[in-house]
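K.L.:
model this:
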Amino acid sequence: MTVGSGPLMLGIDTGGTYTDAVLFREGAAGGGVVAKAKALTTRHDLALGIAGAVDAVLGAAAANPADIALVSMSTTLATNAIVEGQGGRAALVLIGFGEADLDRDGLKAALGADPVLFLPGGHDVHGNERPLDLAPLEAALPELAPAVTGFAVCAYFAVRNPAHEIAAARLIRQTTGLAVTMSHELSAKLGGPRRALTTLLNARLVGLIDRLIAATEGFLQKRGIAAPLMVVRGDGALVSAAFARRRPIETILSGPAASIVGARHLTGIDEAIVSDIGGTTTDVAVLEAGRPRLDPDGARVGGMRTHVEAVAMRTFGLGGDSEVSIEEGGLSARLRLGPRRLVPLSLAAQQHGPAILAQLERQLGASNPGRMDGRFALRTGLEERFAAGLTASEARLYAEVGTTPVPLDKLLSASAQLAVLNRLVARGLVMLVGFTPSDAAHVLGRQATWDAAAAKLGADVFARRRDASGNRIMADGAKLAAAVLQLVTRKSAEAVLEAAFAEDGHDGPAAVSHALVQRALDGGSRFARLAVALDRPVIGLGASAPLHYAGLGELVGSECVLPAHADVANAVGAVVGQVRITVEALVTQPAEGRFRLTVGEHVEDFAAEDAALDAASARAAELALSRAADAGAAECHVETDTDIVTATVEDQRKFVEARVSAIAQGRPRVASEGVSRPSEN
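P.N.:
Have a look, this model is predicted:
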């Protein structure tokens with residue numbers, strides 16, 4: 001094992017295709033990475049993939065599990081659950097809102113068939129109370145409790161006074177014993193419907209994240225790893241597992257945020273565009289002043305805008321497992337990548353052997369190519385209960401799909417069945433197998449992870465397909481593979497440039513598709529030479545980054561940095577991050593000579609502005625330090641910043657409001673440490 005000066009730490013990242021694990025020690029060579037390992041992500045049970053990766057990395061390092069002092073993980077679970085509409089059923093309790101408010105910020109669409117209850121109450125902009133009536137809630141709870149897994153409570157202007165949320169939550173907990181999420185705990189921002197949406201999503205995710213954390217803790221205990229478990233938030237900061245259990249919504253975009261933190265650690269670069277290519281997607285974000293740039297409008301996931309602070313990320317359906325297909329229309333065939341993910345032929349053959357190879361040889365030997373050649377279907381492994389509600393045609397087709405890949409040319413007897421199959425794929429019940437960039441890399445000998453023979457057969461089968469003129473699309477499989485890899489690099493450059501144009505305030509997709517930009521990327525000229533260039537380097541991450549990004553720098557006109565351990569940057573970011581908690585205190589003037597402080601659940605009036613501001617700074621700092629310690633921080637310190645808004649009326653200064661932000665930060669506690677005493681500076 002490589003020697004270092006710090007405690008031994010374990011970082012874990014669950015990606016769409018792989019779960020990565022690293023053992024890390026400050027002062028060790030290679031950026032602190034002692035050992036690294038990968039295992040296939042098990043989507044139906046993420047804990048299985050985590051166990052595989054952790055066992056592999058422990059074996060690679062010959063490490064004693066008892067020596068591990070900290071475990072930290074980033075997870076795709078919350079993001080995927082929102083995108084795929086999964087999670088528990090939650091009841092939304094709205095206090096002081098009307099039904100018209102459901103039509104704002106996508107709240108009605110997010111609510112779906114989940115129950116909603118409207119109560120009189122709430123507060124005004126200064127935190128003054130309106131009459132609260134909890135009787136309708138008390139009457140509804142006996143019927144609601146058995147039908148939901150949790151509750152989300154959002155009151156009008158709760159960020160100015162959370163008293164009514166607290167009262168409703170107390171009643172719900174006492175009556176039902178179920179988990180309750182209050183909106184003021186998640187956000188101090190105005191915008192009730194979006195705050196309600198964020199709260200609803202959090203309530204749905206509580207059970208999912210709790211099961212993942214419980215399974216991970218159980219696995220760690222079995223391996224003799226008695227270390228604190230941390231989770232990466234969407235802003236790249238770390239929080240304790242207990243903190244994440246209460247606020248799982250804050251783990252959306254956890255993986256992408258961890259990759260940016262890892263990129264900074266592995267390169268030492270403070271200003272860059274980070275492009276992380278995985279199996280399913282490419283995530284592009286900005287590293288600014290050494291930290292991930294956050295989305296000022298709140299994280300958007302699954303088409304819904306939330307109040308969650310998270311990395312400003314642009315995600316493209318481009319990865320090593322992207323579907324390779326032919327664009328419809330036109331006389332000549334043009335290759336297309338993604339956005340759908342397929343299981344690579346080479347991977348499927350490694351797992352299922354003859355079921356793939358024999359069918360590819362049969363298709364290659366046929367006199368004419370078929371539209372379904374090189375494609376297979378198999379079940380994902382979800383429990384049968386997830387197949388509830390299938391239509392008759394879906395149920396019949398699903399019954400014919402098993403755990404061994406079935407070729408589509410034998411599975412589908414009519415073209416109309418393809419739509420049925422696609423619905424099963426969208427439900428997460430069936431996976432498609434086909435030719436991907438990962439297979440292309442195996443064909444050309446640039447990757448040797450899985451079954452190269454299946455990749456070569458798949459390339460030959462694909463290459464013999466015909467264009468609209470009846471000609472082969474490629475002379476042979478090797479030429480097809482080379483074209484696919486070249487297209488991945490080109491599309492990667494377009495993704496990076498699209499993100500850069502958007503950062504500059506342009507319409508990213510429109511700008512990158514402009515004829516002049518496309519001509520600059522194509523290179524060559526007759527009279528006018530065109531070029532496009534970034535103003536900062538690109539940091540390329542992902543296991544396949546050295547392959548696909550080798551020519552990226554030339555296309556984007558800037559250096560492309562490929563750090564050592566780029567394949568596990570997410571797991572590195574998970575373990576090198578810091579605990580960072582922000583608390584905001586607000587001072588308003590509801591009446592002349594009265595200054596009202598609201599911070600957390602505390603509301604207090606003062607007769608003087610200075611007294612209110614001093615109290616705001618003190619209480620915000622105290623609360624931030626307390627929450628940081630609760631989130632797992634050690635040696636914590638806090639910094640405060642005050643922003644005062646005033647107006648001039650008849651040459652007189654008038655106080656409007658003041659916001660005091662307190663940011664508490666510290667490294668996570670390790671196994672040998674108890675709860676530390678916070679400090680303020």
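
K.L.:
contacts and neighbour counts: CA atoms only from here.
P.N.:
Fine.

K.L.:
So Val512 sits against Leu497, correct?
P.N.:
Yes. Val512 is in contact with Leu497 according to Cα atoms under 8 Å; the separation is 6.6 Å.

K.L.:
Asn132: what's it in contact with?
P.N.:
Slight slip there: residue 132 is Leu, not Asn. 119-122, 164 (Cα atoms under 8 Å, 6 or more residues apart in numbering).

K.L.:
do you know how far it is from Gln174?
P.N.:
18 Å (Cα to Cα, to the nearest Å).

K.L.:
Repeat that for Gly127.
P.N.:
In terms of Cα to Cα, Gly127 sits 26 Å off from Gln174.

K.L.:
per-domain residue ranges of this structure.
P.N.:
322-485, 578-668 (automatic domain parsing).

K.L.:
related to what we said a few turns ago, who's more crowded, Gly127 and Gln174?
P.N.:
Gly127 (22 against 9; other Cα atoms under 10 Å).

K.L.:
What distance do you get for that one to Gly389?
P.N.:
Gly127 is 47 Å from Gly389, by Cα to Cα.

K.L.:
now Arg211
P.N.:
On the measure of Cα to Cα, Arg211 and Gly389 end up 25 Å apart.

K.L.:
Find the residue closest to Ala628 in space, skipping its chain neighbours.
P.N.:
Sequence neighbours aside, Ile581 is the residue nearest to Ala628 in space, at 5.6 Å (criterion: Cα to Cα, 6 or more residues apart in numbering).

K.L.:
Wait, that neighbour touches Arg667, no?
P.N.:
No. The pair Ile581 / Arg667 is not scored as a contact, 11.8 Å apart, by Cα under 8 Å.

K.L.:
more crowded one of these two?
P.N.:
Using other Cα under 10 Å as the criterion, Ile581 and Arg667 rank with Ile581 on top: 23 against 19.

K.L.:
buried ones in the helix or strand that that one is a member of?
P.N.:
Under the criterion of DSSP states H and E, Ile581 resides in strand 579-591. Under the neighbour-count criterion of 16 or more other Cα atoms under 10 Å, strand 579-591 has 579-590 buried.

K.L.:
And the next helix or strand past that strand?
P.N.:
Following strand 579-591 toward the C-terminus (DSSP H and E): strand 594-599.

K.L.:
got the buried residues for the next helix or strand along the chain from that next one?
P.N.:
The helix or strand immediately downstream of strand 594-599 is strand 602-606, counting by DSSP H and E. Across strand 602-606, burial judged by 16+ other Cα under 10 Å covers 603, 605-606.

K.L.:
between the residues you listed, which is closest to Phe527?
P.N.:
Phe527 has its nearest neighbour among the buried residues of strand 602-606 in Val603, at 69.4 Å by Cα to Cα.

K.L.:
Quickly list what the closest one is bridged to.
P.N.:
Note on Val603: beta-bridge partners Thr598, judged by DSSP bridges.

K.L.:
tell me the contacts of Pro344?
P.N.:
The contact partners of Pro344, by Cα under 8 Å, 6+ apart, come to 321, 433-436, 438-439.

K.L.:
Would you list the phi and psi of it?
P.N.:
Dihedral pair for Pro344: phi -60, psi 140, per degrees, to the nearest 10.

K.L.:
swap in Ser661?
P.N.:
Main-chain torsions, Ser661, degrees, to the nearest 10: phi -100, psi 130.

K.L.:
so what's the most centrally placed residue in the chain closest to, chain neighbours aside?
P.N.:
Ranked by distance to the mean C-alpha position of the chain (Cα atoms, centre = their mean), the top residue is Leu253 at 2.6 Å. Of all residues not flanking Leu253 in the chain, Gly234 sits nearest, at 4.7 Å (Cα to Cα, 6+ apart).

K.L.:
Now do the one you found: how many residues are near it, please.
P.N.:
28.

K.L.:
wouldn't it be in contact with Ala244 here?
P.N.:
No. In this structure, Gly234 is not within contact of Ala244 by Cα under 8 Å, at 11.2 Å.

K.L.:
residues shared between the contacts of the two?
P.N.:
By Cα under 8 Å, 6+ apart, the residues touching both Gly234 and Ala244 are 250-251.

K.L.:
For stretch 138-146, list every residue counted as buried.
P.N.:
Buried, per 16+ other Cα under 10 Å, within stretch 138-146: 141, 144-145.

K.L.:
Do you know the pLDDT at Gly59?
P.N.:
Note on Gly59: pLDDT of 93.
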